[in-house]
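Chemist: got a predicted structure plus its sequence, pasted below:
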Amino acid sequence: MEPADVETLPEGAAEKLEAEGIAEFYPPQDAALEAGVADGESVVAAVPTASGKTLIAELAMLSAVARGGTALYIVPLRALASEKKAEFEKWGDLDVQVGVSTGNFDSDEEWLASRDIVVATSEKVDSLIRNGAAWLDDLSCVVSDEVHLVDDAGRGPTLEVTLAKLRKINPGIQVVALSATVGNAGEIADWLDAELVESDWRPIELRTGVHYGSAVNFADGDQREVPVGSGEKQTAALVGDALDETDDDGNRGSSLVFVNSRRNAETAARRLGDVTARRLSAGEQNDLRELAAEIRDVSDTETSEDLADAVAKGAAFHHAGLASEHRSLVEEAFRDRLIKCVCATPTLAAGVNTPARRVIVRDWRRYDGEFGGMQPLDTLEVHQMMGRAGRPGLDPYGEAILLAKDRDTMDELFERYLWAEPEPVESKLAAEPALRTHVLSTVATGFANSRDGLLEFLDRTLYASQTDDDRRLRTVAADVVDYLVANDFLEESDGTLTATSVGHTVSRLYLDPMSAAEMIDGLRQVADDETPSALGLYHLVSRTPDTYELYLKSGDRDTFTEICYEREDELLGATPSEFEDVAFEDWLSALKTAKLLEDWASELDEDRITERYGVGPGDIRGKVDTAEWLLGAAEQLATELDLGVTLAVREAKRRVADGVREELLDLTGVRGVGRVRARKLYEAGVETRADLREVDKSIVLGALDGRRKTAERVLENVGRRDPSMDGVSDGDGGGRRTTFDRASESRDGAGTDGDAGSGGETSGGGGAGGSSGGTDADGAGEGDDRAPDTDVFDDEPAEETDDGSQANLMDFG
Ligand code: ADP
């Protein structure tokens, strides 16, 4: 079939699709159309990566809109929300309005209601439901992208419950679920009462194989010589080999290398830069130098430097610790074939459309903290990575290669990944932490008002549809209800369950009830005449289950034990005994996290923080976002329960959000003034917003390193009557020369801490004092915790679980 054959689309849609090169539908798309995807029928499409799932969703959503309805597209990662929105925005030409919900729901509810297609993460949708977003009642179509991730223990349950709620609110809603090829797509289809479209079809041939010795052994029996020089790594030989092969159009093959940790991605990119650098044209070298400069401008951190160094040589790394600007620069340059090799953690495989001629899965094992050692990746995950090989229309074929050092490993890899079917998807709902939050919200939002009603609702989940024995769910649900009643979040009388006022607040705030209980307990420990310190509050929120604490590295235990006793008075609640191993360790991890937040809120350089805690700039952003969210929640709980610490909590929150000491909070309230600029202004004698409106403009200009545009914007934002910098010179301190001298000294002292700096100014989101006003500003980097608008299904927690030795174990590439 071709686009013109689909009569349900809005006018002009078929022409638009054809103009974009969709001459006819791919076979899975034909099958979905036959199943009625454009006629409002529910469909589960389980097809390989890159075989056109997005278009299946678009056919459903556009048809729904043409019928006068609205559609919701649920993505698993916040980074994907912006990407999908950008992709769907082309339909604006047909007057189909697209919006993305990543920001604060209070501010964008009305605006979202006016959109035809809304893109959001499942956490966000769940949060919108909890907050009673009325427009959700009128949805006609919901798309769930990467639905196989219901299998994820951390975030799967939210997706599952969210879909169940949406279907309960809108009984006739069309559900379109897009899935990788999994072992039991039929069960997902049964759960969603949907037609199943299952296919192995790919638009470009995928050849899979294992490199061993001096050749790649393909699953189809072919071999390709790829000798490995002495002292050379297999990965380097394969990346070089792909680059040395040009296709009919003279294009060299690019490679995507998957590794198991951020540090490994960085190390590999550094090494592979030597391979790519030898194969660049003069023009490419030039373009790459420019790109490297752009990357350095994003932030002045070590990560930024390392990335720029690698990029200058034609290689890059890509992981969840990168700032989002870094990520998109890398993705774009890789798609444009300027960057020849990207070393990535599996985040990319989850859906960012970044294909390459050759995919090398270098690490097929990953450190598993719960297991306490290296564990092989799931077949499904490896298949997803392999599926990134081959760019339709650009490459003659795609190749996905695993690496083996010996024959046995090669055989194992064939068995485990090349010949094996992906695992079945299994619901993870019947776990206590997942149910704690979902049971509370189910009662608070009126989806159930008794224990039986609750079970009836839970019966709509994948878990229920997958199990013959619902005793487990019953038992866990009963325990959870007891817990919620004991903590005054739910009330039970005569068999009726209702949420208490605090229970409602906790549900709306999207907190794990256990986090709320911990915070309430901690705040109650503060005596009437005392003010809790910022560190005490950061520690309190860091020890809730809603924060992933930083991992204690060797040596950390001693350091933080010492800090713990030095500052014990500030911590809210009793320090566990050193003999209670697990509890004490947990307390120290929370303290390490709290110290990071305190350092950030004391204006320590971003660079120093990344070094001191062994994290990336994106991780700082993630921790800061989570702390800001949790402190905001603590503030509301304190107010509601009249705990008398509201002001202290608010100040700690504002300081961590802006990354500044107390005295700069007035200045960072100005859009465009982040922590670095605020400090410079302050040192130049400009201490408040009122000062900014009155002071000699040359002082502002001097403090802002002579950047006129920036200075004008700042003055405009603070509401200065005449913000123009025309004719103002930054060397002209006039009568305020002393102050100005002070400023220039501090500038010199700041060294590399330049204007593009480590503050919030250029990095968007969290640190930039209030600058992310728009609802679709791509907030801060990659929250790794549970805040409703953080990335979901991200590949790894902030803390690097592998240390050098584990990395070496894996380093066979
Ligand atoms: P998936 O979501 O399955 O990973 P995408 O939807 O991103 O895959 O599709 C991969 C690429 O294929 C996109 O660039 C898309 O424009 C293109 N594509 C999809 N359907 C067709 C088609 N029928 N004809 C030509 N190109 C298509």
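Modeler: Noted; the coordinates are in hand. Just so we're clear, the structure is a prediction, and the values are computed from it rather than from any experiment. Residues are numbered from 1 along each chain as shown.

Chemist: for the rest of this, base every contact and every neighbour count on C-alpha atoms.
Modeler: OK.

Chemist: for the ligand, what is the nearest residue in the stretch 551-700 of the chain?
Modeler: Residue of the stretch 551-700 of the chain nearest the ligand, by CA to the nearest ligand atom: Gly618 (25.8 Å).

Chemist: what helix or strand is that residue located in?
Modeler: helix 617-640 (DSSP states H and E).

Chemist: before we move on, the earlier item: so for the residue of the stretch 551-700 of the chain closest to the ligand, what's the nearest residue that isn't a sequence neighbour?
Modeler: Taking CA to CA, 6 or more residues apart in numbering as the measure, Gly618 lies nearest to Gly321, with 4.5 Å between them; neighbours along the chain are not counted.

Chemist: repeat for Glu640
Modeler: Sequence neighbours aside, Val502 is the residue nearest to Glu640 in space, at 7.5 Å (criterion: CA to CA, 6+ apart).

Chemist: now for the one you found, how many residues are close by?
Modeler: Taking other CA atoms under 10 Å as the criterion, the count of residues near Val502 is 18.

Chemist: wait, isn't it in contact with Leu637?
Modeler: Yes: here Val502 lies in contact with Leu637, judged by CA atoms under 8 Å, at a distance of 7.4 Å.

Chemist: so where is the stretch 651-800 of the chain shaky, pLDDT-wise?
Modeler: Along the stretch 651-800 of the chain, the parts satisfying pLDDT under 70 run over 730-800.

Chemist: neighbours of Leu418, just the number please.
Modeler: Here the count is done by other CA under 10 Å, and Leu418 has 22 residues near it.

Chemist: phi, psi for Arg358 please.
Modeler: phi -120, psi 130 (degrees, to the nearest 10).

Chemist: next: Gly132.
Modeler: Here the main-chain torsion angles of Gly132 (degrees, to the nearest 10) amount to phi 70, psi 30.

Chemist: what's the pLDDT at it?
Modeler: Residue-level confidence at Gly132 comes out at 87, pLDDT.

Chemist: after the helix holding Gly618, next one along is what?
Modeler: Of the helices and strands lying after helix 617-640 in sequence (DSSP H and E), the nearest is helix 646-658.

Chemist: for this protein, what lies in contact range of the ligand?
Modeler: Contact residues, the chain versus the ligand (CA under 6 Å from any ligand atom): 21-22, 24-26, 49-55.

Chemist: so Val257, which of the three states?
Modeler: Recorded secondary structure, Val257: strand (DSSP: H, G, I helix; E, B strand; the rest coil).

Chemist: list the contacts of stretch 632-639.
Modeler: Under the criterion CA atoms under 8 Å, 6 or more residues apart in numbering, residues 502, 505, 509, 511, 516, 519-520, 523, 644-646, 649-650, 653 lie in contact with stretch 632-639.

Chemist: may I see the buried residues of that stretch?
Modeler: Under the neighbour-count criterion of 16 or more other CA atoms under 10 Å, stretch 632-639 has 632-638 buried.

Chemist: I'd like to know how many residues surround the residue in the stretch 151-300 of the chain positioned nearest to the ligand.
Modeler: In the stretch 151-300 of the chain, the residue found nearest to the ligand is Pro203; the distance is 7.6 Å by CA to the nearest ligand atom. As a burial measure, Pro203 scores 17 neighbours (other CA under 10 Å).
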